[in-house]
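Engineer: just need the structure, nothing else, for what follows:
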Amino acid sequence: MEHLSINDQPPPPPFPQGPGQPGPGMPPPGLLGGGRPPQPQQLPAQMFTTAAQLLDLTDKKLMVALRDGRKLTGILRSWDQFANLVLQQTKERIFVPPGTQSPSQTRGLYADVDRGLFVVRGENVLLMGEIDLDRDDDPPPGYDLADLELVQTLAKQKKAEEKAKEKRKVKKLSTIGFEGENVGEALL
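Structural biologist: The predicted structure is shown next:
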């Protein structure tokens with residue numbers, strides 16, 4: 001991919017140059033004075049920092065990490081000005097880190113859940129990138145494919161442990177004067 005900046009030289013002028021022709025970048029004599037006004041310089045597509053940047057990723061396989069921790073893979077079929085995404089053939093990949101089942105476990109586990117057609121609200125996208133199709137079928141480094149029910153059970157256990165640990169931390173911090181995010185709210 002090119003590394004372009006706004007300071008790069010513009011493309012050569014579209015006007016031919018030759019004997020009897022005006023100098024570089026000058027329009028033919030017929031366009032001087034009564035011709036169209038000069039057009040602003042157009043930025044290359046790589047310079048967009050809005051949802052328009054998704055144009056290059058349309059119809060490509062992507063990995064999307066969401067704010068709630070879920071990881072999705074699917075083919076980007078559509079998007080809008082808010083970066084809401086429509087993914088086709090979507091799979092949610094669930095990871096269980098090493099050591100979750102037993103302290104001696106050196107490799108993590110993962111499983112894929114078919115989700116089909118999936119709509120993602122743009123504000124929930126944390127990270128996304130194109131998947132290298134040559135390496136798509138390879139398992140993630142340090143992880144082994146496992147049974148879906150086992151991975152879901154272990155992931156729920158891990159999440160419950162992390163939630164309990166966070167609750168203990170907030171409680172301990174509140175005893176010494178720190179107020180956590182949800183301390184003032186009624187917990188259901």
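
Engineer: strands along this protein, start to end?
Structural biologist: Here the chain has its strands, by DSSP state E, at 61-66, 71-79, 85-96, 108-120, 125-130, 143-145.

Engineer: residue 162: which of those is closest?
Structural biologist: Of all the strands of the chain, strand 85-96 sits nearest to residue 162, with 12.4 Å by C-beta to C-beta. For every residue, glycine as well, the C-beta is placed using N, CA and C.

Engineer: shaky segments in this protein?
Structural biologist: 1-6, 10-39, 43-50, 180-188 (pLDDT under 70).

Engineer: for the spatially most central residue of the chain, give me its contacts.
Structural biologist: When C-alpha atoms, centre = their mean is applied to the chain, the residue found nearest the centroid is residue 128 (1.7 Å). Contacts for residue 128 were tallied using C-beta atoms under 8 Å, 6 or more residues apart in numbering; they are 57, 62-65.

Engineer: what's the closest of these to residue 92?
Structural biologist: Distance to residue 92, by C-beta to C-beta, is smallest for residue 64 among those, at 10.0 Å.

Engineer: which one of the contacts of residue 128 has the most neighbours?
Structural biologist: residue 64 (21 neighbours; other C-beta atoms under 10 Å).

Engineer: for the closest residue to residue 129 other than its chain neighbours, which residues make a bridge with it?
Structural biologist: Excluding the flanking residues, the one nearest residue 129 by C-beta to C-beta, 6 or more residues apart in numbering is residue 63, at 5.7 Å. With DSSP bridges applied, residue 63 shows beta-bridge pairing to residue 73, residue 129.

Engineer: so what's residue 63 up against?
Structural biologist: Residues near residue 63 by C-beta under 8 Å, 6+ apart: 71-73, 128-129, 131.

Engineer: lovely, talk soon.
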